[in-house]
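One predicted model, sequence on top.
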Amino acid sequence: MANALRRFIPMFDRVLIERAEAMTKTRGGIVIPEKAQQKVLKGTVVAVGPGSRTEKGDLVPLAVKVGDQVLLPEYGGTKVEIEEKEYHLFRESDLLAKIEQ
């Protein structure tokens, strides 16, 4: 899998995100049904593009890098399946926040 992700380079200011898994059990051990689970709005950056370009053609680097934790919008992004695993492709401007650890 890592080989396919290394070869996947998003264009311009796009970022490939792996969404965090939805919580299926509470701390007390109660199993949460799939319909009751909330949509996960956090994810990990897996791949980034080189950045956007200004009108003069200068490259504007991205503010996020591989491995960063980010807050995602509830809707949006493009689903991408790489080796049977689901990822989402967002523009950098669509990301809501970068989560410091």
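Yep, it's here. Numbering: from 1, shown residues only.

All the strands of this protein, in order from the start?
Ranges of strands within the chain are 14-19, 42-48, 52-53, 59-60, 69-71, 78-82, 85-91, 97-99, based on DSSP state E.

For stretch 68-86, buried residues please.
Buried residues in stretch 68-86, counted by 16 or more other Cβ atoms under 10 Å: 68, 70, 72, 77, 82. (C-beta placed from N, C-alpha, C; glycine too.)

bridging residues for the residue nearest the centre of the chain?
Ranked by distance to the mean C-alpha position of the chain (Cα atoms, centre = their mean), the top residue is residue 17 at 1.9 Å. Note on residue 17: beta-bridge partners by DSSP bridges are residue 45, residue 88.

Touching stretch 39-46 from outside, list them.
Here stretch 39-46 makes contact (Cβ atoms under 8 Å, 6 or more residues apart in numbering) with 5, 15-22, 64-74, 87-88, 96, 99.

Least confident secondary structure element in this protein?
When the helices and strands of the chain are compared on mean pLDDT, DSSP states H and E, helix 2-7 comes out lowest with a mean of 66.

contacting residues for the residue nearest to the centre of the chain?
Counting by Cβ under 8 Å, 6+ apart, residue 17 touches 43-46, 70, 72, 77, 87-90.

So which of these is the closest to residue 55?
Here the nearest of the contacts of residue 17 to residue 55, counting by Cβ to Cβ, is residue 90; it sits at 23.3 Å.

so that closest one touches residue 15, yeah?
Yes: applying Cβ atoms under 8 Å, one finds residue 90 in contact with residue 15, separated by 5.4 Å.

Please identify which of those two sits among more neighbours.
residue 15 (26 against 22; other Cβ atoms under 10 Å).

so what pLDDT did that one get?
Model confidence at residue 15, given as pLDDT, is 93.

That one against residue 98, yeah?
No: here residue 15 does not reach residue 98: they are 10.8 Å apart, not a contact under Cβ under 8 Å.
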